[in-house]
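Visitor: Structure for the following, please:
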Amino acid sequence: LGYNPILSEHGGVGYLPTSSAEDSCYIAEKECQLVILIIGKRYGSLSNNGVSVTHNEFLVARKKKIPVICLIDKEVMTFHKVYNENKEQSFVNFPGMDNHEKSFEFINSFMQSTVNNGCFFYSNSTEARNSIKTQLAHIFYDFLKNKFNPMNIEIKDILSEVKTLRHELLKDPDNYMPFLKAMKFLL
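Guide: This next block holds a predicted model:
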């Protein structure tokens, strides 16, 4: 899509001599403006804290309030529904999944967040790419609307005028009452 992703698998992370390879990923992530979280059948290797590196990356994004676009494999979501309906059974097999309990806990922790908890389901790379494009379009719309809203510009201009007027009028304490009248008029 023309962005510069930071992928440790492709040399995008600068490994620091004072940190582990895993910690270097988290340090690099803190400089990102957006995280794209992809949840598939593999939960991944467990870190020292008992969750996968990807799960830890999600936790870093949450802590730093980095926006997250979450993509979940459709088959994994189907397995997730089956799992939720059959938790009491001692053995449920999900083909291709390495640690389904951890994966489903991860999905639940994302979806139960109070903000930034929307996710998209994909079965191929085209669906995933289209979901990312749609979500980025919404994010950019919101950014541009808030950044270039004409009403916000007018409010800033009015506040600037009030500050200038206050500064000038307060040079002479006798002008305090006219200042209040002028401010009420402007507001």
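
Visitor: Tell me which residue lies nearest the centroid of the chain.
Guide: Pro67 (1.4 Å; Cα atoms, centre = their mean).

Visitor: Just give me the neighbour total for the residue nearest to that residue when sequence neighbours are not counted.
Guide: The shortest distance from Pro67 to any non-neighbouring residue, by Cβ to Cβ, 6 or more residues apart in numbering, is to Leu34 (5.3 Å). In this view, the C-beta of every residue, glycine as well, is placed from N, C-alpha and C. Neighbour count of Leu34, defined by other Cβ atoms under 10 Å: 15.

Visitor: And the one 5 residues further on, by the same measure?
Guide: Each residue near Ile39 was counted by other Cβ under 10 Å, and the total is 23.

Visitor: before we move on, what about the one 5 residues further on?
Guide: One way to gauge burial is a neighbour count; for Gly44, by other Cβ under 10 Å, it gives 17.

Visitor: Looks like it contacts Thr54 (just checking).
Guide: Yes - using Cβ atoms under 8 Å, Gly44 is in contact with Thr54, at 5.5 Å.

Visitor: ok, back up a step: mind pulling up the pLDDT for the residue nearest to Pro67?
Guide: Looking at Leu34, its pLDDT reads 92.

Visitor: so who does it touch?
Guide: Leu34 sits next to 66-69, 139 when contact means Cβ atoms under 8 Å, 6 or more residues apart in numbering.

Visitor: re earlier: quick one: contacts for the residue nearest to the centre of the chain?
Guide: Residues near Pro67 by Cβ under 8 Å, 6+ apart: 33-35, 61, 116, 139.
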